[in-house]
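Chemist: just coords:
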């Protein structure tokens with residue numbers, strides 16, 4: 001099984017658009033995963049039917065039993081996050097769930113309760129099964145949820161003997177990106193010819209190298225700034241990174257997004273041809 005992770009140093013470069021088309025081009029021989037748990041949107045293009053829903057419990061939070069509390073002040077003294085007010089109310093947004101207050105309380109007036117941080121889902125799409133998730137507003141541990149999504153998708157791909165695990169990764173270089181990359185077969189970095197695009201390409205490439213994941217680059221909307229496109233090509237050449245595709249700005253890509261469908265389903269024109277060639281390059285499937 002080959003695990004291909006599509007990532008970008010910044011949002012809005014087109015990684016989800018490409019991943020949706022890759023799902024179609026894989027011809028049913030892939031399990032799909034959306035590792036952008038903070039803003040999952042691969043499902044918007046794949047019309048999934050939900051098969052399973054599971055809670056995601058990521059942390060605990062301190063809850064005070066006021067009937068038992070003697071307001072001795074020990075919990076306020078020990079709390080490093082200032083989560084306990086002068087009138088002994090616990091702020092759920094400030095509490096980090098470290099449980100120091102619960103362990104130290106002489107009256108056992110503070111209990112640690114599990115927090116429902118989100119949900120993860122198994123869905124069926126026309127192109128294969130999709131594992132995705134939704135992290136709750138202001139909830140943490142997105143890296144842990146990404147790991148859960150990847151592990152479930154990987155086991156499913158092995159069970160169904162699929163050739164590919166296609167992961168739509170999160171943007172940036174933080175914990176969710178690290179969780180989506182580690183152990184992958186290959187990363188496709190989608191960038192764009194802007195100053196921020198070049199900067200973030202360099203950062204995410206360092207993450208790939210840190211975790212020894214081979215990476216290739218796709219320059220999306222390459223005709224918007226030819227000078228910056230040349231700078232990206234020169235940088236990749238100097239770093240021995242293959243530029244596997246340069247995709248111009250195509251109106252039909254925008255039209256496909258408006259219709260909430262993968263590009264290769266919407267058109268057989270140049271945009272679909274470029275994406276199909278890109279898929280051939282990264283998958284080793286010349287018949288695509």
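Modeler: Good, I have the coordinates. Not measured: the values here are computed from a predicted model.

Chemist: going by C-alpha atoms from here, please, whenever you check contacts or count neighbours.
Modeler: Noted.

Chemist: so residue 6 sits in a helix?
Modeler: No. Under DSSP: H, G, I helix; E, B strand; the rest coil, residue 6 sits outside any helix and is assigned strand.

Chemist: surely it and residue 185 touch.
Modeler: No. The criterion here is Cα atoms under 8 Å, and residue 6 misses it with residue 185 at 11.3 Å.

Chemist: got a list of contacts for stretch 66-85?
Modeler: For stretch 66-85, contacts defined as Cα atoms under 8 Å, 6 or more residues apart in numbering pick out 86, 88, 90-96, 100-102, 104-105, 107-109.

Chemist: mind running it again at 6 Å?
Modeler: For stretch 66-85, contacts defined as Cα atoms under 6 Å, 6 or more residues apart in numbering pick out 90, 91, 94, 95, 101, 109.

Chemist: same question for stretch 9-18.
Modeler: With Cα under 6 Å, 6+ apart, stretch 9-18 has contacts from 42, 171, 172, 190, 191, 200, 201, 204.

Chemist: could I get those in TSV, plus columns for pLDDT and neighbour count?
Modeler: Formatted as TSV, these follow (pLDDT from 0 to 100; neighbours: other Cα atoms under 10 Å):
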residue	pLDDT	neighbour count
42	94	25
171	91	22
172	89	18
190	97	28
191	96	31
200	93	21
201	94	25
204	94	23
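
Chemist: okay, the residues you listed in a markdown table with secondary structure and distance to residue 54 next?
Modeler: Below are these laid out as a markdown table (DSSP: H, G, I helix; E, B strand; the rest coil; distance: Cα to Cα, whole Å):
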| residue | secondary structure | distance to residue 54 |
| --- | --- | --- |
| 42 | coil | 19 |
| 171 | strand | 24 |
| 172 | coil | 27 |
| 190 | strand | 31 |
| 191 | strand | 34 |
| 200 | helix | 34 |
| 201 | helix | 34 |
| 204 | helix | 31 |
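
Chemist: now, which of those sits nearest residue 267?
Modeler: Nearest to residue 267 among the contacts of stretch 9-18: residue 42, at 18.9 Å, using Cα to Cα.

Chemist: and the longest helix for this structure?
Modeler: Looking across the chain with DSSP state H, the single longest helix is helix 142-159.

Chemist: picking up where we left off before, who has more neighbours, residue 6 and residue 185?
Modeler: residue 6 (29 against 17; other Cα atoms under 10 Å).

Chemist: how close does that one get to residue 54?
Modeler: Distance of residue 6 to residue 54, computed by Cα to Cα, to the nearest Å: 25 Å.

Chemist: now residue 214
Modeler: Residue 214 is 33 Å from residue 54, by Cα to Cα.

Chemist: what's the domain layout of this structure?
Modeler: 2-47+126-283, 59-116 (automatic domain parsing).

Chemist: return the most buried member of those domains.
Modeler: Mean neighbours per residue, mean count of other Cα atoms under 10 Å, is largest over the domains of the chain for domain 2-47+126-283, with a mean of 20.
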